[in-house]
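Visitor: below are the sequence and a predicted model for it; my questions follow.
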Amino acid sequence: MDTQRLILLFIFGFSLLMLWEAWDKEHRPKPPPAAPSAQGVPTPDKPAAVGPAKPVPSVPAAPPAEKGETLRVSTDLMIAEIDTLGGTLKRVELLKQKDVNDATKNFVLLGPEHHYEAQSGLTGDAGPNHRTLWRAQGREWTLAPGQETVEVRLSADARDGVKVDKLFTFRRNSYVVDIALEVRNSGAAPYSAYAYYQLVHDGKPDASGNSLAQSFGAQSYTGFAVYTEEQKYQKVSPSDLDKGKPEHVKQAANGWLAFVQHYFVSAWLPAQGVTRDFVFEKRPDGNYTGRVLLPTSVAAGAAARVSAPLYAGPQEKRRLEAAAPGLDLVVDYGWLAIIAWPLFWLLEKLHGLTGNWGVAIILLTVIIKILFFPLSAASYKSMAKMKLITPRLTKLREMYAHDRQKMNQAMMELYKTEKINPLGGCFPILVQIPVFIALYWVLLAAIELRHAPFVLWIHDLSALDPYFVLPILMTVTMVLQTRMNPVPPDPVQAQVMKYMPFVFSIFFFFFPAGLVLYWLVNNILSILQQWQIQRMFDRDKPAHAKR
């Protein structure tokens, strides 16, 4: 089996698998909304015990009649909107990221489109919670030049002399918003509750991604994730919550909870060493909730502060690593992450030298090609030998057309005489396939390529080539490479291989430009390498022809 055939068959199988999964997700029956949990897990709407703690009072299920006001906070990286009804972070607009469908607009991470909110409060009847009407001093805040932080303080009263302030702290050049609850107990009895920090989402993938590419298997993970030092990274998808049996760590003294989507993430990051519980559920309204619970106790006449920073921004590796241990794992490089991370590291270094992600992709392709040169050379040498004996194989097939056993014996004898391994062209390519797949996921998942220009008409390497120039060139190289390969002796197989490049070129019309650029450069280098090796063997062709 030759190199081109193996690659095409691999792409075909991989694409069929992805297409089936996409179709299955789209057409599988939707289960009915899950009933509220009855496992003794504390929620703001339904109290229960956490670990050894006692049950906590519930938060009123019905929202109050009051209507909140919208508070607006502007920093150098985001515009955030806070609703005083609940003290909820209801909208986050990222100023450095553009909407994929309208480059004149900024990307909105949290917002009403997906019922995406960051809620917080205290459990129990005493509250206050995300349904409480909080008070604010002011309506708009802006991070002024030279100012490093801006703070927004909300206040609310609980029962029995308990007062709570919710403090939002925004920082310059940061996507981390610290959200703290300051509890003052002026009553005569101790106060105990759980501080909760939760993310609410409808569970649907963001429509602003490359929907065409996603439909062909380029779908990134959308859903919750939880991380602890003991259990590491665990995904909790909306489909798991639909089934009512999500598997994840329930309690730890470290770790974080996040909602992950293509290119972006929001994550609660409680301090290390603080006991926290992780709770996920599907709510009766059809939305999904991921919640971190932190126990809070305040003695009579005392005060306490509990906080959980919220990262709400792009999946930029350096920012994720600085925000919390393990947060960079939300970058979805698939099951070959161990290979993908070094590839991205090298790609990033090349971008630092060139200043252009497209040029970096080209240089990375060249480096990978050089590293695999010995394997590729072995593959092409085997293919060149096969090409030289193709007429003799055809004659054997004609001679033993009605006796397959004798035909196979004759062919094996020919291989042995010419010292040719018929599988010699396959194994070197099989070794390289994991690298190809890992790089595929790097180019798909790296937000650094989002809206990154290359040259001329290509203004976004993460989007489709608007004029399909790269996919057309890719098709041409696939056809040329196929014609350079040995023609299969079987006429039917020969016809299939003749039209296969055109069939598979369809997929490249729906892949991001950065990925097509990689495959195009790789194909061009492969053609040059194969041409040179073929020239070497053509010198020996007369000697072989005499046999």
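Guide: Yes, it's here. Numbering: from 1, shown residues only.
Visitor: all contacts plus neighbour counts: C-alpha atoms, from now on.
Guide: Fine.
Visitor: secondary structure class for residue 165?
Guide: Put simply, residue 165 is strand when judged by DSSP: H, G, I helix; E, B strand; the rest coil.
Visitor: residues contacting the nearest residue to it once chain neighbours are set aside?
Guide: Using CA to CA, 6 or more residues apart in numbering and skipping residues adjacent in sequence, the residue nearest residue 165 is residue 155, 4.4 Å away. With contact set as CA atoms under 8 Å, 6 or more residues apart in numbering, residue 155 has these partners: 134, 135, 136, 163, 164, 165, 166.
Visitor: and the furthest pair within those residues?
Guide: 136 and 163 (14.0 Å; CA to CA).
Visitor: could you check which of these two has the larger neighbour count?
Guide: Shown here are residue 136 and residue 163; by other CA atoms under 10 Å, residue 163 has more neighbours (20 against 17).
Visitor: let me see the contact set for the closest residue to the more buried one other than its chain neighbours.
Guide: Using CA to CA, 6+ apart and skipping residues adjacent in sequence, the residue nearest residue 163 is residue 157, 4.6 Å away. Shown in contact with residue 157 (CA under 8 Å, 6+ apart): 128, 163, 164.
Visitor: show me what the last one is bridged to.
Guide: In this structure, residue 164 has beta-bridge partners residue 156, residue 183, where bridges are defined by DSSP bridges.
Visitor: now stretch 518-538: mean pLDDT?
Guide: Within the predicted structure, the mean pLDDT of stretch 518-538 is 80.
Visitor: quick one: contacts of that stretch?
Guide: 361-362, 365-366, 369, 377, 380-381, 384-385, 470, 473-474, 477-478, 480-481, 484.
Visitor: ok, residues contacting stretch 431-443?
Guide: Outside stretch 431-443, the residues touching it (CA under 8 Å, 6+ apart) are 332-334, 336-337, 339-341, 343-344, 372, 449, 462, 514-515.
Visitor: Throw the contacts of residue 155 into TSV and include pLDDT and distance to residue 255, thanks.
Guide: Shown next, in TSV, are those (pLDDT from 0 to 100; distance: CA to CA, whole Å):
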residue	pLDDT	distance to residue 255
134	95	29
135	95	32
136	94	31
163	93	29
164	95	26
165	96	25
166	97	23
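Visitor: with respect to residue 454, which of these is nearest?
Guide: Looking across those and measuring by CA to CA, the closest to residue 454 is residue 166, at 45.2 Å.
Visitor: that closest one contacts residue 180, doesn't it?
Guide: Yes: Residue 166 is within contact range of residue 180, at 5.7 Å (criterion: CA atoms under 8 Å).
Visitor: more neighbours: those two, which one.
Guide: Neighbour count, other CA under 10 Å: between residue 166 and residue 180, residue 166 has more, with 25 against 20.
Visitor: count of neighbours near residue 231?
Guide: Residue 231: 12 neighbours (other CA under 10 Å).
Visitor: could you find the closest non-adjacent residue to it?
Guide: Going by CA to CA, 6+ apart, residue 231 has residue 249 as its nearest residue, at 7.0 Å.
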